[in-house]
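> below is the sequence, then the predicted model.
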Amino acid sequence: MCATNYRDKADRDSKASATIMRVRALVAVVCCAMLHEAIAAHVCQVQAKSWDQCGGKSSCKGKHCADKAWPTHCCPSSNSCVRNNEWYWNCQPASQQHQQQSSDGGRSGSGQSVKPASTPAVAAIKPAPAVAAKKGPDGSYDYGQVLGLSMLFYEAQRSGKLPANNRIKWRGDSGLDQKAPDGRDITGGWYDAGDNVKFNLPMAWSAGVLAWSMVDFAEGYKKAGEYNNALSNLKWATDYFIKCIGDGKTIVAQVGNGAQDHSIWGRPEDVKGPVPVYVVTPSSPGSDVVGAMGAALAAASQAFATVDGAYSAKLLQAAIKAYKFASRYLGSYSISVPDAAAFYKSNNYMDDIAWNALWLYIRTGNAAYKQAALDWYTKHYNQEDGKQVWDNYDWDSNSWGCVVMLSRLYPTNPQINQRINTFVRAWTEGSGTVTFTAKGLAYSGPWGSLRHVGNAMFLLKAYADKAPNGAVTAAEKNSINCMVRQQLGYILGNTGRSFVVGYGVNPPQRPHHRDSSCPPIGQECSWNDYNSPNPNPHTLFGALVGGPNREDTYKDDRNGYIMNEVATDYNAGFTGALAAAVSNSLKCAAQ
């Protein structure tokens, strides 16, 4: 009996053991299958590059699409997949993520933001129609009307918390968490162009030109009923510059990474989490960007002097800090901020220091600044080959602005007189740089041809209308007025189309501008909107597009950014020329 019991127990044990082994085998098969499935799910099917999309629902089709990093996409080593905005994730280098953390005042984490709350979709809208061009009895355009539209463009470029009286209803608050590495607030300012980066060099140049035009041609803004709007737009930029200058030791030069931003097509309102912030310091200087900001602040201080004395003094204090930094710690910001070199590489900086000194003299009357301005311009002329600066006035060259202002202060200086005469002849008669198209456009290059025209026309009027008595003859003034009238006419519609968005006959409808090309806030914006053949849903009133080529050919195509990009610096001189035309009518006797 005991033997039988032992055999029964052995049988039972044997059966139990077999069952356990079968269960174990089944578990192993299941686990193996799950492991293979997991491995397969994470197999790198697409090797992405830095800044390539690696997650999100934007521009995505297939099972892998989700509001997270895609398991099928692999970022390069030292990169990770990080949320860029509400719809889009991309591969970002570790160095950028570190910069993002620093720019948020030491916030912990990898630079990812909390998943944004979903927003109900909003019905699509049709773009607002263009306003009809008004003309006077003599056939001249109502320049004040266009000046008002240009003010709307600058309002559309605003970053930060928008005011209660915001007139651009399709814009919203953006960039509210932007901080310098030391934690100070740097919200505000303007987005540069059709992107969502705050490039301080072209922004400072633009604000400086606007401030200059308000000093020289305030009457034009007042006649057009745009003086207060112009002050408001200028203050939006200079409030930001005051924050950037800070204590004058660690100065913000750029907010946002150009490569990161240009890798997506979306509105600034959708950007979540901090963006990279780049600074210049005594050991990594940026005389150009800081000098340009200082000049804008000093010029704005002059513009506000009779309007708001306390604010004017605040601007002057920041302008002096900027000048001390720029003139003491010499160097180009595009060396200190490598990302800037890919978008706004600076070729000179002594002209920017001279420009800063000039406006400090104009504001304070301190003769030391007057002498410093001439000294720095002379260094620029001799050491930076300023005599070879091409015949264009733009964000990379305050050289010609210095020449015009120095011609007022040193009317008998032969070098200055030779330079200003060279510029005037180039833009009224032609030069090796400036030629005239079949339809009469003064053409100096393909990239943003009309911005160079607008900038040059402003300079011509600033020189002719404000030169010391006897410095400009009546014949020269008439020649300049005729040229400015002709060139503004080309821009505003004389050739059968306007080049100002939302204005006149057959204006551009597809400017290369992210936010205005996006559907209303709450709906996805992606490369599908970039590639859409339809007009931008939102009319970017007052924006001057890049313009035609030397054959007078222009195509209204969002993809053609050379002809259709818009930017704060594109409108700057153009706006000043309009204010000058309103202030002092463009009387042109037959030549």
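Looks like it came in fine.

> CA atoms for contacts and neighbours, from now on please.
Fine.

> surely residue 488 is in a helix?
Yes. Counting by DSSP: H, G, I helix; E, B strand; the rest coil, residue 488 is part of a helix.

> can you count the residues close to it?
Summarising burial for residue 488: neighbours were counted as other C-alpha atoms under 10 Å, giving 23.

> and the nearest residue to it once chain neighbours are set aside, which of the three is it?
Distance criterion C-alpha to C-alpha, 6 or more residues apart in numbering; nearest residue to residue 488, sequence neighbours excluded, is residue 454 at 7.7 Å. Judged by three-state DSSP, the three-state class of residue 454 is helix.

> ok, residue 454 - contacts?
488, 570-575, 577 (C-alpha atoms under 8 Å, 6 or more residues apart in numbering).

> do the same with residue 176
For residue 176, counting by C-alpha under 8 Å, 6+ apart, the contacting residues are 160-161, 187.

> redo that, cut-off 10 Å
Contact analysis of residue 176 by C-alpha atoms under 10 Å, 6 or more residues apart in numbering lists 159-161, 185-188, 269, 272-274.

> returning to that earlier point: TSV for the contacts of residue 454, including secondary structure and pLDDT?
As requested, the contacts of residue 454 are arranged in TSV below (DSSP: H, G, I helix; E, B strand; the rest coil; pLDDT from 0 to 100):
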residue	secondary structure	pLDDT
488	helix	98
570	helix	98
571	helix	98
572	helix	98
573	helix	98
574	helix	98
575	helix	98
577	helix	98
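
> kindly indicate which of these lies nearest residue 404.
Checking the contacts of residue 454 against residue 404 by C-alpha to C-alpha gives residue 573 as the nearest, at 13.9 Å.

> dump the C-alpha coordinates for the helix or strand hosting residue 459 into PDB.
Following DSSP states H and E, one finds residue 459 within helix 449-466. Provided in PDB are the C-alpha atoms of helix 449-466 (Å, rounded to 0.1, in the frame of the first residue of the first chain):
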ATOM      1  CA  SER A 449      14.900  94.400 -53.800                       C
ATOM      2  CA  LEU A 450      12.100  96.700 -52.500                       C
ATOM      3  CA  ARG A 451      13.500  97.000 -49.000                       C
ATOM      4  CA  HIS A 452      16.700  98.500 -50.400                       C
ATOM      5  CA  VAL A 453      14.600 101.000 -52.400                       C
ATOM      6  CA  GLY A 454      12.500 102.000 -49.300                       C
ATOM      7  CA  ASN A 455      15.600 102.400 -47.200                       C
ATOM      8  CA  ALA A 456      17.500 104.400 -49.800                       C
ATOM      9  CA  MET A 457      14.500 106.700 -50.400                       C
ATOM     10  CA  PHE A 458      14.300 107.500 -46.700                       C
ATOM     11  CA  LEU A 459      18.000 108.300 -46.600                       C
ATOM     12  CA  LEU A 460      17.600 110.600 -49.600                       C
ATOM     13  CA  LYS A 461      14.800 112.500 -47.900                       C
ATOM     14  CA  ALA A 462      16.600 112.600 -44.600                       C
ATOM     15  CA  TYR A 463      19.600 114.100 -46.300                       C
ATOM     16  CA  ALA A 464      17.800 116.600 -48.600                       C
ATOM     17  CA  ASP A 465      15.200 117.800 -46.200                       C
ATOM     18  CA  LYS A 466      17.400 118.200 -43.100                       C
END
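
> number the residues from 403 up from this point.
Let's use 403 as the start, then, which means that last one is helix 851-868.

> what's the burial count for the closest residue to residue 534 other than its chain neighbours?
Spatial nearest neighbour of residue 534, chain neighbours left out: residue 906 (4.9 Å); criterion: C-alpha to C-alpha, 6+ apart. Using other C-alpha under 10 Å, residue 906 has 20 other residues around it.

> ok, the one 3 residues further on next?
Residues within reach of residue 909, counting by other C-alpha under 10 Å, total 21.

> about what we covered before: just checking, the residue nearest to residue 534 touches residue 892?
No. The criterion here is C-alpha atoms under 10 Å, and residue 906 misses it with residue 892 at 11.9 Å.

> for residue 828, see how far away residue 805 is.
15 Å (C-alpha to C-alpha, to the nearest Å).

> of the two, which one has the most company?
Using other C-alpha under 10 Å, the more surrounded residue of residue 805 and residue 828 is residue 805, with 25 against 20.

> regarding that one, which helix or strand does it belong to?
Going by DSSP H and E, residue 805 is part of helix 801-811.

> now do that helix: distance to the chain's middle.
Put simply, helix 801-811 sits 26 Å off its chain's centre (C-alpha atoms, centre = their mean, to the nearest Å).

> just the CA coordinates for it, please, in CSV.
The C-alpha trace of helix 801-811 is given here as CSV (Å, rounded to 0.1, in the frame of the first residue of the first chain):
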residue,chain,number,x,y,z
SER,A,801,27.5,103.2,-42.4
TRP,A,802,25.2,105.2,-44.7
GLY,A,803,23.1,106.4,-41.7
CYS,A,804,26.3,107.6,-40.1
VAL,A,805,27.2,109.5,-43.3
VAL,A,806,23.9,111.3,-43.5
MET,A,807,24.0,112.4,-39.9
LEU,A,808,27.7,113.3,-39.9
SER,A,809,27.0,115.4,-43.0
ARG,A,810,24.8,117.6,-40.8
LEU,A,811,27.4,117.8,-38.0
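
> between helix 851-868 and it, find me the angle.
For helix 801-811 against helix 851-868, the angle by axes from the mean of the first three to the mean of the last three C-alpha atoms, to 10 degrees is 10 degrees.

> just checking, next helix/strand downstream of helix 801-811?
Remark: after helix 801-811, the chain's next helix or strand is helix 816-831, criterion DSSP H and E.

> what packs against that following helix?
Judged by 3 or more C-alpha pairs under 10 Å, 6 or more residues apart in numbering; DSSP states H and E, helix 816-831 is in contact with helix 769-785, helix 801-811, strand 837-838, strand 844-845, helix 851-868, helix 876-894.

> now that helix: average pLDDT?
Averaged over helix 816-831, pLDDT sits at 95.

> list the buried ones in that helix?
Going by neighbour count (16 or more other C-alpha atoms under 10 Å), the buried part of helix 816-831 is 818-819, 821-822, 825-826, 828-830.

> between the residues you listed, which is nearest residue 844?
Closest to residue 844, out of all of the buried residues of helix 816-831 and judged by C-alpha to C-alpha, is residue 829, at 6.9 Å.

> does that closest one really touch residue 845, like I thought?
Yes. Here residue 829 reaches residue 845: they are 9.2 Å apart, a contact under C-alpha under 10 Å.

> joint contacts of the two?
Listed contacts common to residue 829 and residue 845 are 835-838, 855; contacts here mean C-alpha under 10 Å, 6+ apart.
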